[in-house]
Structures are given as structure tokens and as C-alpha cells.
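Trainee: Here is a sequence together with a model predicted from it:
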Amino acid sequence: MRSGAGMGFLSALMREQDSGTRSSVEKILVERGVSLSISMEMNSNGAIKQGVEVGLGLVP
């Protein structure tokens, strides 16, 4: 994902609060000035993949 013009706000599917993956992603996005609207939290990568496949959101 690249943060370009018009990409300052994203709606996302994310891992749960205690996830190391989520912490890393959030840190990188904050550094780049990208805000997230987390539409759904999921506890596995497989669940996130399925959510994206059926159109529930995107993954930053």
C-alpha cells in the first residue's frame, strides 16, 4: 500500500489489539500520516483474508 494523494484515510480489517503485526502496521501508517478507520478486528490472518475476499474491507 502506498500513501499518495487522496489516500489520507483508509477503512481497514485489522488484527486484534495485542497483535505484533497490528502494532507494526499502525506505527508505519502513523509515521506516514495515514489514519485508519478500523471496520473490523479479527484474530487470524485467514479470517482477514476471507473478509477481504468477500468485500468486508481492505488490509493496509
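Mentor: The structure has been received and is ready for your questions. Model, not experiment: these values are computed from the prediction.

Trainee: for this protein, which helix is longest?
Mentor: helix 20-31 (DSSP state H).

Trainee: Just the C-alphas of that one, formatted as PDB.
Mentor: The C-alpha trace of helix 20-31 is given here as PDB (Å, rounded to 0.1, in the frame of the first residue of the first chain):
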ATOM      1  CA  GLY A  20       2.500  -7.500  17.000                       C
ATOM      2  CA  THR A  21       1.600  -7.300  13.300                       C
ATOM      3  CA  ARG A  22      -1.100  -4.700  14.100                       C
ATOM      4  CA  SER A  23       1.400  -2.700  16.200                       C
ATOM      5  CA  SER A  24       3.900  -2.700  13.400                       C
ATOM      6  CA  VAL A  25       1.400  -1.600  10.800                       C
ATOM      7  CA  GLU A  26      -0.100   1.100  12.900                       C
ATOM      8  CA  LYS A  27       3.400   2.500  13.700                       C
ATOM      9  CA  ILE A  28       4.300   2.700  10.000                       C
ATOM     10  CA  LEU A  29       1.000   4.300   9.000                       C
ATOM     11  CA  VAL A  30       1.200   6.900  11.700                       C
ATOM     12  CA  GLU A  31       4.800   7.800  10.600                       C
END
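
Trainee: next helix or strand past it?
Mentor: Next helix or strand after helix 20-31 toward the C-terminus (DSSP states H and E): strand 35-42.

Trainee: Return that next one as CSV; C-alpha atoms alone will do.
Mentor: Extracted C-alpha coordinates of strand 35-42, given in CSV (Å, rounded to 0.1, in the frame of the first residue of the first chain):
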residue,chain,number,x,y,z
SER,A,35,-5.3,7.5,9.5
LEU,A,36,-7.3,4.2,9.8
SER,A,37,-10.9,3.6,10.4
ILE,A,38,-10.9,0.0,11.6
SER,A,39,-14.1,-1.5,10.4
MET,A,40,-13.5,-5.0,11.9
GLU,A,41,-10.9,-6.7,14.2
MET,A,42,-10.1,-10.4,13.5
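
Trainee: Great, nothing more from me.
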